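> Next one to model:
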Amino acid sequence: MIKKHIKSTAIVFAFFLSFLAFFSAQWYVNIFGTIGFRAIIFTLFSSMEGTASGIVYDWLLKGLLPTAICTVLLCLFYFLRFNIKVTLKKAVCIIVCLCLWAHGIVVTEIPLLISGMITKTQIYDTEYRSPKLQKIAFPKQKQNLIYIYLESMETTYLSFEEGGGLKENVIPELYNLAKNNINFSHSSDVGGWEFVTNTSWTSAAIVAQTAGVPLTLPLLNTVPKKDTNLLPGITTLNDILHQNGYTQTVMFGSKASYGGKENYFKQHSVDKILDYNTAITDGIIDKDYFVWWGMEDHKLIEYAKRELTALSKGDKPFNFTMLTADTHHISGYKCDLCEDNFDSQYENVLRCSSKQISEFVDWIKAQPFYENTTIVLIGDHHSMDQQFFTNNVDNNYTRRVYNCFINSRVTAKNAKNRTFTPMDIFPTTLAALGCEIENDRLGLGTNLFSDSKTLAEEITLKKLNSSLNKSSKYYKQNFIEK
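Residues are numbered from 1 along each chain as shown. Next comes the predicted model:
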């Protein structure tokens with residue numbers, strides 16, 4: 001009798017897991033798009049503290065609920081006595097489970113992950129340029145840096161006429177900032193970079209832009225533990241600035257622990273990390289206040305103004321880094337400042353974000369410290385709001401991530417019609433501060449202000465993406481194990 005109960009429980013559990021694999025995979029792809037299995041593992045199993053409740057509820061509704069319903073139905077078919085042979089019922093259930101698992105495996109691109117795990121790349125051995133070995137010369141008068149990651153910000157949100165993917169430009173202020181300052185583009189108008197392997201979620205995008213490599217951790221190491229180093233052997237933008245006397249603050253409107261970001265910045269030379277929790281301590285929000293991922297961007301910007309004012313009074317150059325959140329999927333967060341100019345909430349949120357960032361830039365320009373300050377406005381990665389793009393953007397349109405460099409110390413020799421990646425932003429940011437970089441290369445990135453070709457231009461983006469998907473002994477030994 002006990003064996004029979006154990007067997008029945010195992011069968012029910014097998015049914016449940018099969019449907020869970022199917023519906024969860026389908027939900028993830030519909031919500032996030034095809035961003036790769038590493039992103040799925042990292043997102044779901046790194047620190048989820050502070051995750052927007054809407055995403056959790058959406059999974060409960062579209063992932064767990066249909067799993068429970070279908071499991072019950074298949075159990076009824078299997079266990080109840082119908083005029084069907086037991087062998088036939090078993091065969092049907094086995095086929096159903098196998099099909100469900102096959103679907104989940106295919107749509108989450110697990111075969112591509114496995115292929116990358118069993119094949120090797122030499123790209124780091126031959127192309128990686130360590131900041132420890134490259135000469136980086138800072139100007140005598142060091143430039144402050146304000147680096148603002150704009151959540152999910154793309155040039156796709158521009159109009160058709162401006163090279164975007166929508167009927168109307170929903171981020172006109174950001175377009176004008178890019179148009180009137182320095183924007184690195186794939187075209188002769190405002191543009192950016194397209195999809196790059198293992199840089200397609202926030203933590204990976206931050207690593208790519210500050211260290212010049214993708215976040216390609218071994219699968220068993222994909223989830224960083226709370227108090228362990230994330231890429232301890234690598235030298236990042238923050239490490240370089242620290243070595244050259246910069247005071248550094250990073251600020252989030254969410255809890256900094258989410259996705260390992262606090263871990264990464266803390267262990268790579270950042271002096272102060274401010275987030276939702278410190279905002280309560282510092283009186284920006286009440287202790288019981290929580291919306292979206294923590295607090296909306298207009299409160300984050302007020303917090304940023306306070307911190308920038310304090311940083312500017314110090315006797316050292318500063319680096320202030322900030323990550324917005326209102327434009328995160330699903331559909332963004334519509335705050336009190338948002339207007340109803342468009343049919344979709346996401347477009348209204350994007351327009352509101354564009355206005356807020358533009359006004360923030362105007363405030364920075366009015367401050368005494370602006371003369372010696374470079375501002376970088378940059379998307380972290382492509383938006384994961386898959387349904388918005390399915391409903392509003394042509395499937396054949398190639399989406400690009402936004403970038404804008406304001407008050408750079410140098411001018412670009414060739415900013416347009418480029419093929420580049422977020423890894424190129426690493427040396428490009430230092431160049432914008434007036435740094436001279438040996439051979440214009442750091443990490444796998446190339447200084448875009450120079451006329452040197454990027455790796456994507458030298459070997460093609462397709463071949464570069466293929467190499468970045470593969471495993472590397474060099475990456476493991478030099479970035480992870482040190």
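> list the helices and strands the lengthiest helix in the chain packs on?
Ranked by residue count under DSSP state H, the longest helix found in the chain is helix 2-32. With contacts defined as 3 or more C-beta pairs under 8 Å, 6 or more residues apart in numbering; DSSP states H and E, helix 2-32 has these neighbours: helix 37-45, helix 53-59, helix 65-79, helix 86-107, helix 386-392. All C-beta spots, glycine's among them, are computed from the backbone N, C-alpha and C.
> Looking at these, spot the one closest to Pro131.
helix 37-45 (24.5 Å; C-beta to C-beta).
> How about the secondary structure of Ile146?
Three-state assignment for Ile146 (DSSP: H, G, I helix; E, B strand; the rest coil): strand.
> what's across from it in the sheet?
On the basis of DSSP bridges, Ile146 is bridged to Phe320, Ile375.
> any idea how far Thr374 is from it?
7 Å (C-beta to C-beta, to the nearest Å).
> the more surrounded of these two?
Ile146 (24 against 21; other C-beta atoms under 10 Å).
> Dump the helices and strands packed on helix 2-32 into TSV; add distance to Gly165 and mean pLDDT as well.
Formatted as TSV, these follow (distance: least, C-beta to C-beta, whole Å; pLDDT from 0 to 100):
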stretch	distance to Gly165	mean pLDDT
helix 37-45	22	60
helix 53-59	24	66
helix 65-79	31	84
helix 86-107	24	78
helix 386-392	8	89
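> want to try CSV for those, with mean neighbour count as columns?
Formatted as CSV, the helices and strands packed on helix 2-32 follow (neighbours: other C-beta atoms under 10 Å):
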stretch, mean neighbour count
helix 37-45, 20
helix 53-59, 14
helix 65-79, 16
helix 86-107, 14
helix 386-392, 16
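> which regions of the stretch 101-250 of the chain sit below the pLDDT cut-off?
Within the stretch 101-250 of the chain, the segments meeting pLDDT under 70 span 107-118, 218-229.
> list the contacts for the nearest residue to Pro139 once chain neighbours are set aside?
Nearest residue to Pro139, sequence neighbours excluded (C-beta to C-beta, 6 or more residues apart in numbering): Gly434, at 3.9 Å. Gly434 sits next to 138-139, 142-143, 409-410 when contact means C-beta atoms under 8 Å, 6 or more residues apart in numbering.
> Write the ChimeraX selection for whichever of those are buried.
Buried residues among those (16 or more other C-beta atoms under 10 Å), as a ChimeraX selection:
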select :138,142,143,409,410
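> Check the contacts of Gly434 and tell me the two furthest apart.
Within the contacts of Gly434, two members stand farthest from each other by C-beta to C-beta: Lys142 and Val410, at 14.3 Å.
> So this protein: which segments form each domain?
2-118, 131-480 (automatic domain parsing).
> sorry, back to before: in the longest helix of the chain, which residues are buried?
11-12, 15-29, 31-32.
> in the stretch 351-482 of the chain, what spans have low per-residue confidence?
Looking at the stretch 351-482 of the chain by pLDDT under 70, you get 482.
> Could you list which residues are in contact with the closest residue in space to Leu433 that isn't next to it in sequence?
Spatial nearest neighbour of Leu433, chain neighbours left out: Gln143 (4.3 Å); criterion: C-beta to C-beta, 6+ apart. For Gln143, the contacting residues are 317, 372-374, 409, 432-434, by C-beta under 8 Å, 6+ apart.
> Using TSV, please lay out those residues together with distance to Phe388.
TSV is the format used below for the contacts of Gln143 (distance: C-beta to C-beta, whole Å):
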residue	distance to Phe388
Pro317	39
Asn372	39
Thr373	34
Thr374	32
Arg409	37
Ala432	31
Leu433	35
Gly434	39
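> Looking at these, which one is closest to Asn465?
Nearest member of those to Asn465, counting by C-beta to C-beta, is Ala432, at 25.9 Å.
> The closest residue to that closest one other than its chain neighbours: neighbour count?
The spatially closest residue to Ala432, leaving aside those adjacent along the chain, is Ser408, at 4.2 Å (C-beta to C-beta, 6+ apart). Neighbour count for Ser408, taken as other C-beta under 10 Å: 20.
> was I right about Ser408 contacting Ile375?
No: using C-beta atoms under 8 Å, Ser408 is not in contact with Ile375; the gap is 9.1 Å.
> Next, the angle from the longest helix of the chain to helix 65-79.
150 degrees (axes from the mean of the first three to the mean of the last three C-alpha atoms, to 10 degrees).
> thinking again about what came up before, and the residue nearest to Ala432, how far from Phe449?
From Ser408 to Phe449 the distance is 7 Å (C-beta to C-beta).
> swap in Leu237?
15 Å.
> okay, now Asn417: neighbour count?
10.
> List the contacts of it.
For Asn417, the contact set (C-beta under 8 Å, 6+ apart) comprises 185-188.
> and if we set it to 10 Å?
By C-beta atoms under 10 Å, 6 or more residues apart in numbering, the residues touching Asn417 are 185-188, 191.
> Equivalent analysis for Val410, please.
Val410 neighbours (C-beta under 10 Å, 6+ apart): 139, 182, 374, 428, 431-436, 447, 449-450.
> now with 8 Å?
Counted by C-beta under 8 Å, 6+ apart, Val410 has contacts 431-432, 434, 449.
> do the same with Phe426
208-212, 237, 442-443, 445.
> Repeat that for Ala279.
By C-beta under 8 Å, 6+ apart, the neighbours of Ala279 are 253, 285, 294-295, 299, 303.
> Inside helices: which ones of the residues you listed?
299, 303.
> Can I get the contacts of Ala279 in a markdown table including distance to Val106?
Listed next are the contacts of Ala279 as a markdown table, based on distance: C-beta to C-beta, whole Å:
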| residue | distance to Val106 |
| --- | --- |
| Gly253 | 36 |
| Ile285 | 44 |
| Gly294 | 35 |
| Met295 | 39 |
| Lys299 | 42 |
| Tyr303 | 44 |
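> Considering the contacts of Ala279, which possesses the most neighbours?
Result: Gly253 is most packed of these (other C-beta under 10 Å), 32 neighbours.
> If I follow the layout properly, it ends up in contact with Tyr333?
No: applying C-beta under 8 Å as the test, Gly253 and Tyr333 come out as separate, 9.8 Å apart.
> any common contacting residues for those two?
In contact with both Gly253 and Tyr333: 292-293, 296, 325, using C-beta under 8 Å, 6+ apart.
> Which members of these are the farthest-apart pair?
For these, and using C-beta to C-beta, no pair is farther apart than Trp293 and Glu296, which are 8.9 Å apart.
> shared neighbours, the two?
Counting by C-beta under 8 Å, 6+ apart, the residues touching both Trp293 and Glu296 are 253, 325, 333.
> Hmm, Asn403 is touching Phe184, no?
Yes: counting by C-beta under 8 Å, Asn403 touches Phe184, with 5.7 Å between them.
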